[in-house]
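Trainee: One predicted model, sequence on top.
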Amino acid sequence: MPDIPWSTPTQAAPDAEVYVMASRFETATLAGAVKFFLKAPGIILQIRKAPGAHGVALRARVFSRTFLTLSAWQDRDALYRFARSEPHRSSSRAASAYMKESAFTYWTVRADELPLTWAEAERRLAEQKPDH
């Protein structure tokens, strides 16, 4: 399945520190993966319009039932405002019914280090213990 490549909704000042989140989601079933995949474009569009969003990408492995997200934000509050807003809030609650496990990691980088690499996100996620 195609990935949604990195896009930059709003450019941060090159020397600004940005808040980064990487996540990994594994669905319990292929049907759950399809549901997750079908919701993803709408959530990516929501991020692209969200105040304080500096970057977003999705790596979708539907047949492996695994999804990675990578996003950069003005600060932690901007990320949390987005997470509590619709449609993300309702979609994430609904996804919990078909999720097998998930993992999240957060760090900061200078804006001139964007876009981030999947290798860096995967390395950091590998250090996290999954949530069940």
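Mentor: In hand now; what should we look at? On a predicted model such as this, the values are computed, not experimentally measured, just so you know.

Trainee: Following element in sequence after whichever strand or helix holds Ser91, please.
Mentor: In this structure, Ser91 is located in helix 88-95 according to DSSP states H and E. Per DSSP H and E, the first helix or strand lying C-terminal to helix 88-95 is strand 99-110.

Trainee: tell me the SS of the residue lying farthest from the centre of the chain?
Mentor: Distance from the centre of the chain peaks at Asp15, with 23.0 Å (C-alpha atoms, centre = their mean). Of the three states, Asp15 takes coil according to DSSP: H, G, I helix; E, B strand; the rest coil.

Trainee: For it, list the residues it contacts.
Mentor: Contacts for Asp15 were tallied using C-beta atoms under 8 Å, 6 or more residues apart in numbering; they are Arg110, Ala111, Asp112. For the C-beta atoms, the positions are set from N, CA and C on the backbone; glycine is no exception.

Trainee: So Pro41 belongs to a strand, correct?
Mentor: No - applying three-state DSSP, one finds Pro41 to be helix, outside a strand.

Trainee: need the contact list for it.
Mentor: Ile4.

Trainee: and the residue lying closest to Ser91 once chain neighbours are set aside, what is it in contact with?
Mentor: Among residues not flanking Ser91 along the chain, Lys39 sits closest, at 5.1 Å (C-beta to C-beta, 6 or more residues apart in numbering). Applying C-beta under 8 Å, 6+ apart to Lys39 gives the contacts Pro87, Ser91, Ala95.
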